[in-house]
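Asks: Predicted model and sequence below, questions to follow.
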Amino acid sequence: MGEIQVPGRVWLAPMTGVSDLPFRQTASRLGAPYVATEMVACAEFARGRPDVVRRAAVGEGLPLMVVQLVGCEVAQIAAGVRIAAEAGAQIIDLNFGCPAKEVTGIQSGSALMRRPDLAEALVAAAVDSSKTPVTVKMRLGWDDSSRNAPEIAARAEARGARAITVHGRTRSQFYSGQADWRAVAEIRRATRLPLIVNGDIVDAKSARQALDESGADAVMIGRGAYGRPWIAAQIEAELSDNRFEVPGVEARLSIAMAHFRASLAFYGERLGLKVFRKHLAAYVNSAPWPADPAVRRSERARLCRLDAPGDVERELSALWRDPPERLAA
């Protein structure tokens, strides 16, 4: 991507409600070379809406600042790119892949797969608005009858995009079924840009298969990172047949606690606790204990109902250090 070099072959995806600044700092500290922001809506970003601006927050401990923008108007995309670049973004990623109805309903995200001319114009506007490298994240198409990702990727390359990420599903699939990594190979044949494959990649085995079937240069991890912010470093090591020390019980507790405190510091106690509940649930889900699923669900729900930071820390520590009594095998 021009003068920006991203080390390794395992990147973490932009995830709404997940990849906020505390998560990005946590994952970066644990070895992730690339962690994108949550999706940032250009219109609200340009107006300075506080919660949207916060999604693009820059902080210490980030090896690379990647801001993902979403929008459907040329002027808004151009303004968003300029604001993000001035704030310190080193890469601007355009979202042509979000399947959520509230996004596609305003003709943004994966709705742009149905409007190739507009998608191309948005890439051109982003590239022309800043010297910051512009990348694009998309899906295979809107549905199986219109798998036009190769065309849009080629147009994006012609307009100056520096890399393409493809989630191996159509918008109509949302997250159902299996990601089609072989279909991503069609985009590989359509563009010379660095290609990143996304969708259902959760470990080294799935990463290898995705790389082999797609011909991509790297993989992007989304939901597989929930509760496992070290996953990029783990998969990277294992792809190279290097040993990786997976965090043990105490190390995971320390990671979760540090992440929680970072969330409180960033948002303030009340909002920080609320925002962190999704991460709290994920840490419990991925905890390394044999457990009855029903009991694990019960404990997760109980922890997520706590409304005082001190109670969360105390109860999480108690659960973590004495799981046999609470999580019966």
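Replies: It's in. Numbers count the residues shown, from 1 in each chain.
Asks: what about stretch 116-127, average pLDDT?
Replies: Computed over stretch 116-127, the mean pLDDT rounds to 98.
Asks: List the buried residues for that stretch?
Replies: Of all the residues in stretch 116-127, those buried under the rule 16 or more other C-beta atoms under 10 Å are 116, 118-127. Bear in mind the C-beta positions are built from the backbone N, C-alpha and C, glycine included.
Asks: now stretch 188-204
Replies: 188, 190-191, 193, 195-202, 204.
Asks: Look up how far residue 118 lies from residue 47.
Replies: Computed as C-beta to C-beta, to the nearest Å, the residue 47 to residue 118 distance reads 22 Å.
Asks: Using PDB, write out every CA atom in the helix or strand hosting residue 124.
Replies: Assigned by DSSP states H and E, residue 124 falls within helix 116-129. In PDB, the C-alpha atoms belonging to helix 116-129 read as follows (Å, rounded to 0.1, in the frame of the first residue of the first chain):
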ATOM      1  CA  PRO A 116     -20.800   0.000  -9.400                       C
ATOM      2  CA  ASP A 117     -20.700   3.500 -10.900                       C
ATOM      3  CA  LEU A 118     -21.300   5.100  -7.500                       C
ATOM      4  CA  ALA A 119     -18.900   2.800  -5.800                       C
ATOM      5  CA  GLU A 120     -16.200   3.800  -8.300                       C
ATOM      6  CA  ALA A 121     -17.000   7.500  -7.800                       C
ATOM      7  CA  LEU A 122     -16.600   7.100  -4.000                       C
ATOM      8  CA  VAL A 123     -13.200   5.500  -4.400                       C
ATOM      9  CA  ALA A 124     -12.100   8.300  -6.800                       C
ATOM     10  CA  ALA A 125     -13.300  10.900  -4.300                       C
ATOM     11  CA  ALA A 126     -11.500   9.300  -1.400                       C
ATOM     12  CA  VAL A 127      -8.300   9.000  -3.300                       C
ATOM     13  CA  ASP A 128      -8.400  12.500  -4.600                       C
ATOM     14  CA  SER A 129      -9.100  14.000  -1.200                       C
END
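Asks: What residues of the helix or strand that that helix is followed by count as buried?
Replies: Toward the C-terminus, helix 116-129 is succeeded by strand 134-139 as the next helix or strand (DSSP H and E). Using 16+ other C-beta under 10 Å as the test for burial, strand 134-139 gives 134-139.
Asks: Give me the distance between strand 134-139 and the centre of its chain.
Replies: 12 Å (C-alpha atoms, centre = their mean, to the nearest Å).
Asks: for this structure, what's the longest helix?
Replies: Assignment by DSSP state H gives helix 249-267 as the longest helix of the chain.
Asks: pLDDT weak spots in this structure?
Replies: For the chain, applying pLDDT under 70 flags the ranges 1-2, 323-329.
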